[in-house]
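>>> no sequence for this one, just the structure:
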């Protein structure tokens, strides 16, 4: 059973987390993520969610608290944004290296200076080398569903997963969605059984030092698990589709796009929705364009992307994060993946938005209309 | 798809009004989307909130630029904010004011000089209705419930019963007074041409 509802994105996420029954929640408030943990704390307070809610004085402590609770074998949750996620950075590495499963929701927001609270994916993109899986969501429904899928995949892989929503654009928007009932989620996501855990009656060593050769071997194993992660995630997505009748995959073709077109737009997150509107109109006007959404950023789904880009001549990547001195961060990932194609398409790197700069369908349409003027070497900033 | 843009001052209830409207449209089986201009929550500052209603999922995420309905919750905002920008021909501006509609002349960016603006203007004294039912005070009457009653009355976009069903989700106090104010505004505007 699934129930129709209309909710703010942050409430939809809190509902998704509640359905996964985390035993421990620890987080520190930061705009635009705060509503998520506020709603969860109210659920705990009302007794609707049986969970230990640990109040802390910083994001560093929040991630450290759940590092402890997951080590002790408890399914846990935390959320953050922007400077808060940056503050967690050191422990993010440790979490993945220690092979601990967790779901963290990040409401994408710009990093200062200058001070800015609006949507920007630089915060999570700059954490892409920490060893976490990263999934970007387009709608509140997708965010709710992805949390459920992510717990399953995370606990199978013994790797932490970061689930991204665009701050404000999803977190502060009310929209209609389906909320699955508890039984459906319980059937899909069994209780977490830690293969090893902190237990005074059965002591094990955690966080020991590793000599260079052992360190290298462990990281090699880690890297191999990461290579298997897209398959594990795809299996979890397939099971989810069976049980919940909604389909997700690491790279998604949007039906508004023209599959046969030799030009494709690639983007990730909530901007995809606006791109759907833009592309539907472009195709009606004869400016044939395909539209691809990257859901999984880490590990990067290069095989899946190559498969759908094989016959493309031009790829236009719309970025909401910048690696200064190089260009759009998503463009770099796309270029690296497509390099292995025998016939490589042109890749136009477009910085469409940073710090909440609004993206209208017309903004995207103008990029496509003027595509011949785009540089395929340098990053294209809007005029 | 119908698009609605609320203009108000921070604290007047524009954001909550947009959420109540979305909830009411949901109760009517429609897809609705509601969001505010982000980050301008200062009391008294101009704010805007947006609602979209459709019979299928709404993909677009950018703010409403060509609304079917514009709601001006404080008439003096018109001096500072180009409220009629992008309003569709045949659209409607609902203004909270004690002045007649004829006293408002829009010469915004989209108007053609020498031509009457191609949209309807309707004024309702929502402050008076709110104060009569004890909602807010002289300085800041709380008009989010009556403004929706008036919108339902002038547009038929949403049924007053759906709005009444949605109110308790967002109005924690003085529910009965809000219901009365909503219905009074609806009845006052319901027969308007």
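Nice, I can see it. On a predicted model such as this, the values are computed, not experimentally measured, just so you know. Numbering: from 1, shown residues only, chains lettered A, B, ... in the order given.
>>> Give the bridge partners for the spatially most central residue of chain A, please.
Centroid-nearest residue in chain A, with CA atoms, centre = their mean: residue A:135, separated by 2.4 Å. With DSSP bridges applied, residue A:135 shows beta-bridge pairing to residue A:163, residue A:296.
>>> Which elements pack onto the one helix or strand in chain B whose mean pLDDT sits lowest?
Lowest on mean pLDDT, DSSP states H and E among the helices and strands of chain B sits strand B:120-124, with a mean of 94. Taking 3 or more CB pairs under 8 Å, 6 or more residues apart in numbering or on different chains; DSSP states H and E as contact, the helices and strands that strand B:120-124 lies on are strand B:92-96, helix B:144-155, helix B:175-189. Placement of C-beta: from N, CA and C, glycine included.
>>> if you set the cut-off to 7 Å instead, what comes out?
Judged by 3 or more CB pairs under 7 Å, 6 or more residues apart in numbering or on different chains; DSSP states H and E, strand B:120-124 is in contact with strand B:92-96, helix B:175-189.
>>> Tell me the first helix or strand C-terminal of it.
Counting by DSSP states H and E, the next helix or strand C-terminal to strand B:120-124 is helix B:126-132.
>>> buried stuff in that following helix?
Within helix B:126-132, the residues that qualify as buried by neighbour count (16 or more other CB atoms under 10 Å in any protein chain shown) are B:126-127, B:129-131.
>>> can you check stretch B:8-15 too?
For stretch B:8-15, by 16+ other CB under 10 Å, it's B:8-15.
>>> biggest separation within these, which pair?
Maximum pairwise distance among the buried residues of stretch B:8-15 (CB to CB): 11.3 Å, between B:9 and B:15.
>>> Common neighbours of the two, please.
Counting by CB atoms under 7 Å, 6 or more residues apart in numbering or on different chains, the residues touching both residue B:9 and residue B:15 are residue B:47.
>>> before we move on, the earlier item: between the least confident helix or strand of chain B and helix B:175-189, how many degrees?
Here strand B:120-124 runs at an angle of 130 degrees relative to helix B:175-189 (axes from the mean of the first three to the mean of the last three CA atoms, to 10 degrees).
>>> phi, psi of residue A:106?
With angles defined as degrees, to the nearest 10, residue A:106 sits at phi -110, psi 120.
>>> neighbouring contacts of the one helix or strand residue A:124 maps to?
Assigned by DSSP H and E, residue A:124 belongs to helix A:122-125. Contacts to helix A:122-125, defined as CB under 7 Å, 6+ apart, come from residues A:81-82, A:85-86, A:106, A:108-111, A:134, A:162, A:164, A:321-322, A:329.
>>> Stretch B:15-29 vs chain A: in contact?
Yes: counting by CB under 7 Å from any CB of the partner chain, chain A is contacted by stretch B:15-29 at B:19, B:22-23, B:26.
>>> Most neighbours of all these, which one?
Each of these was scored for neighbours by other CB atoms under 10 Å in any protein chain shown, and residue B:22 scores highest at 29 neighbours.
>>> for residue 4, helix, strand, or coil?
All of this is about chain A. Under DSSP: H, G, I helix; E, B strand; the rest coil, residue A:4 falls in the strand class.
>>> meant chain B, my bad for not saying
Look at residue B:4: counting by three-state DSSP, its state is strand.
>>> in the sheet, who's paired with residue B:36?
The bridge-partner assignment for residue B:36, based on DSSP bridges, gives residue B:49.
>>> and residue B:48, what is it in contact with?
With CB under 7 Å, 6+ apart, residue B:48 has these contacts: B:5-7, B:37.
>>> if we go to 10 Å?
Neighbouring residues of residue B:48 by CB atoms under 10 Å, 6 or more residues apart in numbering or on different chains: B:5-8, B:14-15, B:18, B:35-37, B:40, B:63-64, B:70-71, B:77, B:81, B:83.
>>> What is the burial count for residue A:323?
16.
>>> Please disregard the earlier target; I meant residue B:39.
15.
>>> Do I have it right that it meets residue A:116?
Yes: between residue B:39 and residue A:116 a contact is recorded at 9.1 Å, counting by CB atoms under 10 Å.
>>> between the two, what contacts are shared?
Common neighbours of residue B:39 and residue A:116 (CB under 10 Å, 6+ apart) are residue A:356.
>>> thinking again about what came up before, can I get the helices and strands packed on strand B:120-124 in JSON lines including mean pLDDT, mean neighbour count and distance to residue A:185?
As requested, the helices and strands packed on strand B:120-124 are exported to JSON lines (pLDDT from 0 to 100; neighbours: other CB atoms under 10 Å in any protein chain shown; distance: least, CB to CB, whole Å):
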{"stretch": "strand B:92-96", "mean pLDDT": "96", "mean neighbour count": "25", "distance to residue A:185": "43"}
{"stretch": "helix B:175-189", "mean pLDDT": "96", "mean neighbour count": "20", "distance to residue A:185": "33"}
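>>> Lovely, talk soon.
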